[in-house]
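Student: what follows is a predicted protein model with its sequence.
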Amino acid sequence: MTHEPAYELVVSLRPLLRAEAAAEAPDCGAEAGDLEQAVWLRLLERLATDGPPPDPPGWLRRVVRAEARRARRTARRETALSGEPADTGRPGPEEVALAAARRRALRDAVRRLPGRCPRLIEALLSPRDPTYREIAGELGISQGSLGPERSRCLGCLRRLLTPEVAARRGRG
């Protein structure tokens, strides 16, 4: 077979293949372009061994459907093999350990803060979630000065934690 008839066959089948692949792709979990490429490969293999099919449009439709079935089977197998374990909603042991280490580092840094800052930050981190009025009463300061004091303490805490965070990132 010369190259000219093969080229004409490809050109004549292109619109049909594009339409068939577009129709089958959504159902099989493959891209239409991937189906087209697989069919073109099968056609080239066929042309090299057996020559052109006797009914090119019928052959093309059968091959598109066969490639779509293959894609569906592959997708099912891949989903079964690569499925993620069920999310239990609970953190794994590594996440629990890392969170505990972060809490320890934070508590250690809070204890090293100057003046009233350790008590203020501990109150802000308290699980009972006190109001600003309650925190101001505990610390013996006015509620209006609590915001500026909190900002100053958080700035100090940030400066204390920055070297620790940078050192952890560097270890990588």
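Tutor: Arrived safely. This structure is a prediction, so every number in the text was calculated from the model and none was measured.
Student: okay, CA-based contacts and neighbour counts for the rest of this
Tutor: Noted.
Student: how is this protein partitioned into domains?
Tutor: Following automatic domain parsing, one finds the domains of the chain at 3-80, 93-171.
Student: how distant is the shortest one from the center of its chain?
Tutor: Average the C-alpha atoms of domain 3-80, do the same for its chain, and the two points are 32 Å apart (C-alpha atoms, centre = their mean, to the nearest Å).
Student: how about the longest one?
Tutor: Average the C-alpha atoms of domain 93-171, do the same for its chain, and the two points are 32 Å apart (C-alpha atoms, centre = their mean).
Student: for this protein, longest helix please?
Tutor: Assignment by DSSP state H gives helix 143-171 as the longest helix of the chain.
Student: for that helix, buried residues please.
Tutor: Residues 146, 150, 153-154, 156-157, 160-161 are the ones in helix 143-171 that count as buried (16 or more other C-alpha atoms under 10 Å).
Student: other SSEs contacting it?
Tutor: With contacts taken as 3 or more C-alpha pairs under 8 Å, 6 or more residues apart in numbering; DSSP states H and E, helix 143-171 sits against helix 93-111, helix 117-125, helix 132-139.
Student: any idea of the mean pLDDT for the first one?
Tutor: Helix 93-111 carries an average pLDDT of 90.
Student: next: the shortest one.
Tutor: For helix 132-139, the mean pLDDT works out to 90.
Student: buried residues, that helix. List them.
Tutor: Buried residues in helix 132-139 (16+ other C-alpha under 10 Å): 132, 135-136.
Student: so that helix versus helix 117-125, what angle?
Tutor: Orientation check (axes from the mean of the first three to the mean of the last three C-alpha atoms, to 10 degrees): helix 132-139 against helix 117-125 gives 150 degrees.
Student: contact partners of helix 132-139?
Tutor: Contact with helix 132-139 is made by 116, 119-120, 123-124, 142-143, 146, as judged by C-alpha atoms under 8 Å, 6 or more residues apart in numbering.
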